[in-house]
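Q: Sharing a sequence plus its predicted fold:
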Amino acid sequence: MTLGWKLVIDSANACALADFWAAALDYEVEDPSALIERLLAAGHIDEEAIIDHRGRKIFRGYAAIRHPEDPYDEVSGVGHGRRLLFQDVPEGKSGKNRLHIDVHGEPGGLDKLVTRLEDLGATRVGEVNKGAAGHWWIMRDPEGNEFCVA
């Protein structure tokens, strides 16, 4: 049986990191505002549990992105496919990621892709050239999480 999954990424600012990765991957930021309105109306959550981000109500400390072609629940806004969830945590990043994202661009478009990601807020860490085995850049997102671009 195939299982569903999402990748959860600890963050200091879930909204900002979700915005970065949505732009980097051409994903959509999930919109939980309809669900939040229902939960508020029913008294299941209070105003302290939410914030406004870019004109939408979202859960405080959480933001998610999803692939635009994947199915999603229209009531909750939650994606049922390729999805990243960012959650705020009190501690900062302290070491190298044990898991990272690899971003793959068009053949011959590595320089253009790296520049686009830098324009969004990523930074280059190092270049790796393994000849026939591959050529890629190690980069960091705005919060310092490493990822590779090939």
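A: Right, received. Where do you want to start?
Q: quick one, helices of the protein?
A: Under the criterion DSSP state H, the chain contains helices at 14-25, 33-41, 110-120.
Q: Which one of these lies nearest to residue 141?
A: For the helices of the chain, proximity to residue 141 was assessed by Cβ to Cβ; helix 14-25 is nearest, at 5.8 Å. For glycine as for every other residue, the C-beta is placed from the backbone atoms N, C-alpha and C.
Q: got the helices of the chain as CSV, with mean neighbour count and distance to residue 136 columns?
A: Output for the helices of the chain, formatted as CSV (neighbours: other Cβ atoms under 10 Å; distance: least, Cβ to Cβ, whole Å):
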stretch, mean neighbour count, distance to residue 136
helix 14-25, 21, 15
helix 33-41, 15, 38
helix 110-120, 15, 8
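Q: Those into CSV, with extra columns for mean pLDDT?
A: Output for these, formatted as CSV (pLDDT from 0 to 100):
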stretch, mean pLDDT
helix 14-25, 98
helix 33-41, 94
helix 110-120, 97
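Q: Which of these sits closest to residue 144?
A: Once those are compared by Cβ to Cβ, helix 14-25 is nearest, at 10.5 Å.
Q: Give me the helices and strands touching the closest one, please.
A: Helices and strands touching helix 14-25, by 3 or more Cβ pairs under 8 Å, 6 or more residues apart in numbering; DSSP states H and E, are strand 28-29, strand 62-66, strand 83-88, helix 110-120.
Q: Also compute the angle for that helix relative to helix 110-120, please.
A: Helix 14-25 and helix 110-120 are oriented at 160 degrees to each other (axes from the mean of the first three to the mean of the last three Cα atoms, to 10 degrees).
Q: which residues sit against helix 14-25?
A: 9, 11, 27-29, 51, 53-54, 58, 61-65, 67, 84, 86-88, 103, 117, 120-122, 141-143 (Cβ atoms under 8 Å, 6 or more residues apart in numbering).
Q: So what's the residue count around residue 104?
A: 12 (other Cβ atoms under 10 Å).
Q: is it true that it touches residue 148?
A: No - using Cβ atoms under 8 Å, residue 104 makes no contact with residue 148, being 9.1 Å away.
Q: returning to that earlier point: now the helices of the chain as a markdown table including distance to residue 79?
A: Putting those into a markdown table (distance: least, Cβ to Cβ, whole Å) gives the following:
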| stretch | distance to residue 79 |
| --- | --- |
| helix 14-25 | 12 |
| helix 33-41 | 13 |
| helix 110-120 | 21 |
